[in-house]
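Colleague: Show me the folded form of this:
(chains A, B, C and D, ligands or ions: 2)
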Amino acid sequence: MRYTPHTASDKERLLQAIGVTRIEDLFGQIPQFLRERARIALPRGLSEVEVKRRMASLAAKNGTPESWGFFLGGGIYHHVIPSTVDAVISRSEFSTSYTPYQPEVSQGTLQAVFEFQTLMCELTAMEVSNAGLYDGASASAEAVLMARRVQKGRRRVLLSRALHPQYRSVIATYLKNLEDVELVEIPFTESGQMDLQFLTRELDERAICVVAGYPNFLGIIDDLGALHEACAGYGVFLITVTTEAFSLALLKPPGAWGVEIAVGEGQSLGIPMGLGGPAFGFLTCQKKFVRSIPGRLVGETVDHDGRRGFVLTLAAREQHIRREKATSNICTNQGLCTLAATVFMATLGKGGMRRLAEVNVGRAHETRERLVKEAGLGTTFSGPFFNEFVLGVEGLSQHLSRLAAKRIVPGISLAPWYPELQDSLLICVTEMNQREEIDQLVRTFSGQ
Amino acid sequence: MRYTPHTASDKERLLQAIGVTRIEDLFGQIPQFLRERARIALPRGLSEVEVKRRMASLAAKNGTPESWGFFLGGGIYHHVIPSTVDAVISRSEFSTSYTPYQPEVSQGTLQAVFEFQTLMCELTAMEVSNAGLYDGASASAEAVLMARRVQKGRRRVLLSRALHPQYRSVIATYLKNLEDVELVEIPFTESGQMDLQFLTRELDERAICVVAGYPNFLGIIDDLGALHEACAGYGVFLITVTTEAFSLALLKPPGAWGVEIAVGEGQSLGIPMGLGGPAFGFLTCQKKFVRSIPGRLVGETVDHDGRRGFVLTLAAREQHIRREKATSNICTNQGLCTLAATVFMATLGKGGMRRLAEVNVGRAHETRERLVKEAGLGTTFSGPFFNEFVLGVEGLSQHLSRLAAKRIVPGISLAPWYPELQDSLLICVTEMNQREEIDQLVRTFSGQ
Amino acid sequence: MSERSQDSNGRKIAPRLIFETGSPGRSGFFWPEDPKTKSEWIPARFLRGEIEGFPEMGELEVMRHFTRLSHLNYSIEGQFYPLGSCTMKYNPKLNEVVARLPGLSLLHPLAPLPLIQGALELLSDLEGMLAEICGMDHISLQPAAGAQGEMTGLMMIRAYLTTKGNPRRKILVPDTAHGTNPASSTLCGYEVVQVPSNDRGIIEAKKVEEVMDEEVAALMITNPNTFGIFEMDIQAIAEAIHEKGGLIYLDGANLNALMGIAKPGDMGVDVLHMNLHKTFSTPHGGGGPGAGPVGVKKFLQDYLPVPRIIRGNEGYELREDLPNSVGRVRSFFGNFGILVRAYAYILALGSDGLEEASRMALLNANYIRSRLKGHFHVPHPETCMHECVFTDRLQQKQGVHTTDIAKRLLDYGFHPPTIYFPLVVSGAIMIEPTETESPETLDAFIDAMISIAHEAKENPSMVKSAPHTTPVGRLDETLAARKLILRWNPSKAGNDQGKAES
Amino acid sequence: MSERSQDSNGRKIAPRLIFETGSPGRSGFFWPEDPKTKSEWIPARFLRGEIEGFPEMGELEVMRHFTRLSHLNYSIEGQFYPLGSCTMKYNPKLNEVVARLPGLSLLHPLAPLPLIQGALELLSDLEGMLAEICGMDHISLQPAAGAQGEMTGLMMIRAYLTTKGNPRRKILVPDTAHGTNPASSTLCGYEVVQVPSNDRGIIEAKKVEEVMDEEVAALMITNPNTFGIFEMDIQAIAEAIHEKGGLIYLDGANLNALMGIAKPGDMGVDVLHMNLHKTFSTPHGGGGPGAGPVGVKKFLQDYLPVPRIIRGNEGYELREDLPNSVGRVRSFFGNFGILVRAYAYILALGSDGLEEASRMALLNANYIRSRLKGHFHVPHPETCMHECVFTDRLQQKQGVHTTDIAKRLLDYGFHPPTIYFPLVVSGAIMIEPTETESPETLDAFIDAMISIAHEAKENPSMVKSAPHTTPVGRLDETLAARKLILRWNPSKAGNDQGKAES
Ligand SMILES: Cc1ncc(COP(=O)(O)O)c(C=O)c1O
Ligand SMILES: Cc1ncc(COP(=O)(O)O)c(C=O)c1O
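Modeller: Ligands and ions are numbered 1, 2, ... in the order given. This next block holds a predicted model:
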């Protein structure tokens, strides 16, 4: 039988040692009526070959950048992944180990997490990073909850309308059952940045935090300096949410703007798009808030011989110790994905990260200019952007079908989330988009 | 620069330590005229992404069993490969290690080879196995050379005409420069087996060995009992060559028939077809000939504490010690492929090997019966077969093009090697051929 | 053997950090073009310089570093990993292969539906399979892990009760429950009321009745519970809860004990979560990722998270417009790559394989239980299900505690069981062997436990000073919490940790 | 950490064999159908029973066994591997990925040509690249390794000379040559005449002239030679050989020293082989597989093995009908999977990368040479190319020999260099660092060598008894050769090697 090594005589021997005659004898406490209805009505087991065929046939029904001109972003990005990444995370010593509760035999995982925490601190220019959370959306929610813990007594949460729509829903879900928290939406201006006047009107001592995308869902880079200044006046936290982690290799990092908590989605850092998961959320903050942080933390220490080693620390914040008083209910996190990101960042390193970020900026801006000049698409927002931008497209749907016929997905229609942005496309261009691909996009939009 | 870690200052430092100013200063002994013409006229280096695209585009120009009805054998077979195999051989501790010249830090490789040797002895029922050779063809040639060493003074080598044509060419190549060795071809009868009468006429004390395919290139199983009896009379070696190693899981093994040397191609045992390589050749023999064996041998021993360990042994046969007197010139062999076979055989084990062999026999025989009955193809050879058989096809070429249109490769045309077998097809059916695939084959041959 | 893990005298050397290797200007990454960002594109004040502390390593350095780190880890593929409540079963290689098919790993969640039909078919199939296995009516695959499943489930309960007029205030949680249960309750705005387990390790209907009232939204029960004991009163308990308008939430972390043996859906359970990284063999990855799908009875289906996957006439579609839905708990479709692995696992095992898996899980656990019960104290009389719990009571006389036993196991080459959980018995040792372990492996582990029991009598100090043979000795956790070094920092750079290696 | 590699006292346990684990009837393989062979298909007398000694393990057991074995291996990805003449450079992960593309790994060599056009294009491209790199006119990719390349090359020479009227009798081989050179000569029916190298480690034209005559078919020369020294007389030597109608065969195993620096084709070389598993980074796999393509000048092209790949108007075709060809030396297309990796490597490096590779290989070797020459005896004055050779002369005074130094290096966590080769200097220590090693790694290795040199003076016995920290100690090779146990055998079954593990 599949994956269970027990032979008939193995079972015999074990049953005897236990002192029963049939495995059913071990079901003693289970009410009969449950036993009777327990059979599972599914097909019998398949061979590896059959499973592979089934999976291949499902895979064949999907479309990937390997066969499509691909300009999708919006929170999940198609970036290069050096071969080192999968080579490392597919090592069973990493993939089949559990949460490092026994540090003496888990230094591999623990040191890697410590390295991850350091890398995220450097990338965001923040003082502390946790070991990761589920995704960018839940990380945003956790950040708001964390801010609420720190900012006792305050109740208003100000969300940028340009924050990823799904993230806004997740935050709403997480908050909806907590007493008197009020969500306020801050609109964006024609620059695509947050409406500062509106914000200032809403800001006061009742506000817990302002949550802004950086860059935001429209691809636009907000002026965090201005936002933070506005917040600081009332002791309001500025929380940045970065869905395109790669942008932080080039943009002035949240920490440099003075933000209190910087979170985001790490998929861009060495993890395949995978229909949006698994990747990981990151949460970084100023050191003074470390005891309110959700999720695991790895710290450095020594063993009895003074040898450096790493352990899980500040566990008193966590559910397995603190239970109903824990800073979060998270237990299983996205460990292997944060390892992937660690290998990714170690492989690209200082120079590679920077260079690749600039490649993104270059291709995205050249493409936008061509789409406007050559294909006559309408500009929308005037603010600066990294590798994503919004353009207006007359008769979007006809364009989309003609593009589809040429196997091109040019971007994401914003109308479903932003009724005010009919016929607008969120277009993403990364280092993975080849010249020919971009030419084809421009040509097809130009009606050729 | 790619894969070379040296930074500008690294180079500086090293050059200084050496005491030169430019790397060119190290080319002292190289004549100037060589230096001048040394530039390599190839394109500059590509990124991983670019390399992957190039390789993918080449791959896309090929046809595989994933997209074609596939009935090809003839020495390379499409068999199941359990996921364990690649999981093990892609572990860098195995794939990036060298020949185990330092046993203290090579027990992984050494023990695995020892296990491989044991498995091959069991599979062939022979007493000794080496650590593997390049492929079945060169293994056959090495076997003949080995027999020649043992059978001093004899000069005639009798080759079955039903031995794999490429193997016969390779044997001829290896022998052609050795004094007075004579190659004699033994024809086959309408059973597809070796012509015993012809053989008996040719047998005498001048003969070194008889080389027979088992099963042979026509898929037919020879009666090794009769052959060995005929050989024994004159002290002639019987050497069997097995291109479909899987058949030995079901067929009476060479050792049980008393053959002196049994060789073959191991690709069927867990190695992808890979256009025919890399896989490995195996060579097994009776223990009394062990000192004449070509290639590496791993033996069991102990360390100073009496702990079991394994080492390369009988090196005195090999080129690095024996030089021009070595039993063979082989140095690098097919190590990782023999490891794949070891994992493969360990995974299938006793029961799995047997079962899968029977699945092959069943599918092949049912398919043959249907092709004869339903599609009216002509039977050719009457001898028993494992998973390959020859059928006569009227108007083969038209059939082939109609089959190609339906993306089916029904087998291998024998005419190029056997003019006497015009319009005959060598058809192979393994566990990888699905019912629908076989139905389609039969239907298409039936002209539907 | 990877890099030097010891000096020439056999003294172990702590590995370097990526920040302590490499050389300025070095990179393991090669990209031909090197454009520069124009200031009219992004004003300089929005830009940073190169990322200060980032490593500068060659590709080989990177591979060596992580290969070496991997050699410091304990893993299932290395050896037996009997962590109670974690279901550390074999993670089939097949699943790793299929999960890496480009057609499944290179999909974009916001791509037009025609480009992800295969993925949606897989998800919809998987929902059906999981519903069948645990006897529920509808499934959502969105939660990223068990804890998020708990939160989602409780939110559905709250939403449902709210539409019924009163969300209620309390959640009943047995004292044997996992920490995530109370933590999730708080997250959903509920207060936690503990239900004591009895001396047989289970909770009784009457105890539940005592605390049950109109302010209790639900009972969160784990079955089999964290003692590995089946909650035999479950039916009566469910009635008591339902009678007063409460719901039953089942923590399905221990589903590995039930497949083909008893369906939660038949126990009066209204909502549950499963841990695909436990029961369905997806790798734990040193902490994750996992997946925690939730299952509900029909009457709760409108409350499931959006989007829901439905079969339309042009293939699979997504429904977002469900007014009663609790909304989104995670972005996109959850941990799709993990769902793919679980799907492949269920295909490979099939009904027969799944049933056999649970049966062998029980057989293995009871075998360990019966062979060890003479040597370690067993808090409860009954046979167990998929895991068994012991305590250090017998060893305490010699001052040997559960931690010591755990650390000593490391010297024997085994990972310790889950310790000090459940909390209700002191010094708990919680062993879950899973079905994929052979009797020989169990025997080897049992022998090690027995000889430690002997050592505890004859040579307690050697047990208390364990481990003696691990890459590092017992680590100072108090120091870690006091000094709180959570990141490498340059000042400590070039410390001679791991000198003379590379 | 994989399985227990030591008992609770830190004593190392030898791993079990697959034949010593498992249980009757167990299998790691699952296949639904179970047909039986009908006797009318294959008569019973042709059949066997189940294969006696075959293992019966579960899938997890298999994975654990080989994972544990892997942990007993030294590897490039683990640490520095300075084996002289073996070019143990980094084996890029990228190559492993592309070699596994189904469109390249699932090809059948006898498939109709339209189904393998991509593969033939790759092979044809690779031939062109290799020809350009070493300055030859035509390439055959068929030989499976260097030694088979040598055989092929010598056979071509013989065939050529035969058509010229006399195959001749002798091959000249320098005393520094690798063992495969003389062995291959014999295989081709030639007798070997040794050419002595001088005190500078190279062979001189006049020495060659002394032994050159009309019976000499060819000189087999390695350049740079196995001392890592460039044969600077090569031009004069080639003239001397050619003058008397002989040919020059170049053993290209050391091509890693020459890329972009000097082309063998310009040195008067008529035939050569390359080792793709050295210069072109394909993994050594614990012994193989490799690939040993041969290159020739135009006048020898008709002698190359068949089939030849040619570009026809319907795409790539195969030519078999070459009467002068030496025929086939291997089945099908050689080690295609290895050729694929080498092709990807050349694409990735390009002309600039290949040139830099050779330059850095020289830089690294000379750095080691200059830092160690004060501590170990250097047989030759010149700077070296890609590798450098030392001897144990200085250490011999204390009775410390090359083996001892090698074994002691293991304690420092380094794999020893190639030892006792070349044979012409006694106690040779042959170090080839390759270009992919960082200066820091070289320093760590050099430091270890230096402190061993000190130990040899101060504490020779500790060096002579090394290694002290490896999984097994020095193994008794004489016993192995005397007792000759070449396979596991049932009688010794269940021996308690590695008991109490699993
Ligand atoms: C009984 C129980 N409930 C809930 C959880 C939490 O599940 P997860 O870690 O997937 O969030 C666990 C995991 O350890 C568990 O054992
Ligand atoms: C100088 C030299 N020549 C020839 C060979 C033989 O090459 P291969 O091992 O690929 O057969 C080697 C390999 O070690 C070598 O170093």
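Colleague: From now on I want contacts and neighbour counts done on CA atoms only, so please keep to that.
Modeller: Fine.
Colleague: So for stretch C:195-206, first residue to last residue, what's the gap.
Modeller: Taking Cα to Cα, to the nearest Å, the span from the opening residue of stretch C:195-206 to its closing residue is 11 Å.
Colleague: Next up, phi/psi of residue 305, please.
Modeller: Just going to use chain A. Note on residue A:305: its backbone torsions stand at phi -90, psi 10 [degrees, to the nearest 10].
Colleague: Would you check how far apart it and chain C are?
Modeller: For residue A:305, the distance to chain C (Cα to the nearest Cα, to the nearest Å) stands at 8 Å.
Colleague: in the stretch 251-400 of chain C, what residue is nearest ligand 1?
Modeller: Ranking the residues of the stretch 251-400 of chain C by distance to ligand 1 (Cα to the nearest ligand atom) places residue C:253 first, at 4.8 Å.
Colleague: Kindly confirm whether my reading is correct that that residue touches residue C:272.
Modeller: No: applying Cα atoms under 8 Å as the test, residue C:253 and residue C:272 come out as separate, 9.5 Å apart.
Colleague: More neighbours: which of the two?
Modeller: Comparing residue C:253 with residue C:272 by neighbour count (other Cα atoms under 10 Å in any protein chain shown), the higher total belongs to residue C:272, at 31 against 26.
Colleague: follow-up on the earlier one: report the contact partners of the residue of the stretch 251-400 of chain C closest to ligand 1.
Modeller: With Cα atoms under 8 Å, 6 or more residues apart in numbering or on different chains as the criterion, the residues that contact residue C:253 are C:85-86, C:146, C:222, C:273-275, C:278-279.
Colleague: quick check, nearest of these to chain A?
Modeller: Within these, distances to chain A taken as Cα to the nearest Cα reach their minimum at residue C:146, with 7.6 Å.
Colleague: nearest spatial neighbour of the closest one, skipping sequence neighbours?
Modeller: residue C:292 (4.2 Å; Cα to Cα, 6 or more residues apart in numbering or on different chains).
Colleague: secondary structure class for that neighbour?
Modeller: Each residue gets one of three states, and residue C:292 gets coil by DSSP: H, G, I helix; E, B strand; the rest coil.
Colleague: Kindly report the residues of chain C close to ligand 1.
Modeller: For chain C, the residues in contact with ligand 1 under the definition Cα under 6 Å from any ligand atom are C:85-86, C:145-147, C:178, C:180, C:251, C:253, C:275.
Colleague: Could you list which of the residues you listed belong to strands?
Modeller: With DSSP state E as the criterion, strands contain residue C:251 from among these.
Colleague: Could I get the residues of chain C next to ligand 1 in JSON lines, plus columns for pLDDT?
Modeller: Below are the residues of chain C next to ligand 1 laid out as JSON lines (pLDDT from 0 to 100):
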{"residue": "C:85", "pLDDT": "96"}
{"residue": "C:86", "pLDDT": "97"}
{"residue": "C:145", "pLDDT": "98"}
{"residue": "C:146", "pLDDT": "98"}
{"residue": "C:147", "pLDDT": "98"}
{"residue": "C:178", "pLDDT": "96"}
{"residue": "C:180", "pLDDT": "97"}
{"residue": "C:251", "pLDDT": "98"}
{"residue": "C:253", "pLDDT": "98"}
{"residue": "C:275", "pLDDT": "98"}
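Colleague: of all the residues of chain C next to ligand 1, which comes closest to residue A:75?
Modeller: Comparing the residues of chain C next to ligand 1 against residue A:75 with Cα to Cα picks out residue C:145 as the nearest, at 20.5 Å.
Colleague: from what I can see residue A:252 touches residue C:50, true?
Modeller: No: when contacts are counted by Cα under 8 Å, residue A:252 is not listed as touching residue C:50 (10.3 Å).
Colleague: and the residue of the stretch 201-350 of chain A nearest chain D?
Modeller: Evaluated by Cα to the nearest Cα, the stretch 201-350 of chain A has residue A:347 as its residue closest to chain D, separated by 12.5 Å.
Colleague: so that residue is in which element?
Modeller: Element membership of residue A:347, judged by DSSP states H and E, is helix A:335-373.
Colleague: From the chain's centroid, how far away is that helix?
Modeller: With Cα atoms, centre = their mean, to the nearest Å as the basis, the distance from the averaged C-alpha position of helix A:335-373 to the chain average is 16 Å.
Colleague: Any buried residues in that helix, and which?
Modeller: Along helix A:335-373, these residues count as buried under the neighbour rule (16 or more other Cα atoms under 10 Å in any protein chain shown): A:335-365, A:367-368, A:370-372.
Colleague: Same check on stretch C:155-170?
Modeller: Judged by neighbour count (16+ other Cα under 10 Å), stretch C:155-170 contains these buried residues: C:155-161, C:167-168, C:170.
Colleague: Near the residue of the stretch 101-250 of chain A found nearest chain D, how many residues? Count them for me, please.
Modeller: When Cα to the nearest Cα is the measure, the stretch 101-250 of chain A has its nearest residue to chain D at residue A:105, with 7.5 Å between them. Residue A:105 has 25 neighbouring residues, counting by other Cα under 10 Å.
Colleague: That one: what's it in contact with?
Modeller: With contact set as Cα under 8 Å, 6+ apart, residue A:105 has these partners: C:72-74, C:410, C:470-472, D:1.
Colleague: In the stretch 51-200 of chain A, what residue lies closest to ligand 1?
Modeller: Among the residues of the stretch 51-200 of chain A, residue A:99 lies closest to ligand 1, at 9.5 Å counting by Cα to the nearest ligand atom.
Colleague: Show the low-confidence segments of chain C, by residue range.
Modeller: Applying pLDDT under 70 to chain C picks out residues C:1-6, C:9-12, C:491-502.
Colleague: try it again with 50
Modeller: C:1-3, C:493-502 (pLDDT under 50).
Colleague: same thing with chain A?
Modeller: The model of chain A has no residue with pLDDT under 50.
Colleague: Report the central residue of it.
Modeller: Among the residues of chain A, residue A:265 comes closest to the average C-alpha position under Cα atoms, centre = their mean, at 2.6 Å.
Colleague: okay but that residue is in contact with residue A:135, surely?
Modeller: Yes: with contacts counted by Cα under 8 Å, residue A:265 reaches residue A:135, the gap being 5.6 Å.
Colleague: what are the ranges of the helices in the stretch 151-300 of chain A?
Modeller: If you assign secondary structure with DSSP state H, counting those that start in this stretch, the helices in the stretch 151-300 of chain A sit at A:165-175, A:196-202, A:224-232, A:254-257.
Colleague: Now residue C:171, what are its backbone angles?
Modeller: The phi/psi pair for residue C:171 (degrees, to the nearest 10) reads phi -120, psi 130.
Colleague: So it versus ligand 2, what's the distance?
Modeller: Shown here: residue C:171 relative to ligand 2, a distance of 71 Å by Cα to the nearest ligand atom, to the nearest Å.
Colleague: which ones are touching residue A:186?
Modeller: With contacts taken as Cα under 8 Å, 6+ apart, residue A:186 has the following neighbours: A:158-161, A:194-195, A:198-199.
Colleague: Show me which of those are buried.
Modeller: Those of those that meet the buried threshold are A:158-161, A:194-195, A:199, by 16+ other Cα under 10 Å.
Colleague: Is residue A:255 in contact with residue A:125, as I believe?
Modeller: Yes: applying Cα under 8 Å, one finds residue A:255 in contact with residue A:125, separated by 4.5 Å.
Colleague: Those two: who's more crowded?
Modeller: Each of residue A:255 and residue A:125 has its neighbours counted (other Cα under 10 Å); residue A:125 has more, 26 against 21.
Colleague: Tell me, how many residues neighbour the residue lying closest to residue C:391 once chain neighbours are set aside?
Modeller: Using Cα to Cα, 6+ apart and skipping residues adjacent in sequence, the residue nearest residue C:391 is residue C:428, 4.5 Å away. Summarising burial for residue C:428: neighbours were counted as other Cα under 10 Å, giving 26.
Colleague: for residue C:428, phi and psi?
Modeller: Comment: the main-chain dihedrals of residue C:428 come out as phi -60, psi 140, following degrees, to the nearest 10.
Colleague: Right, I'll leave it there.
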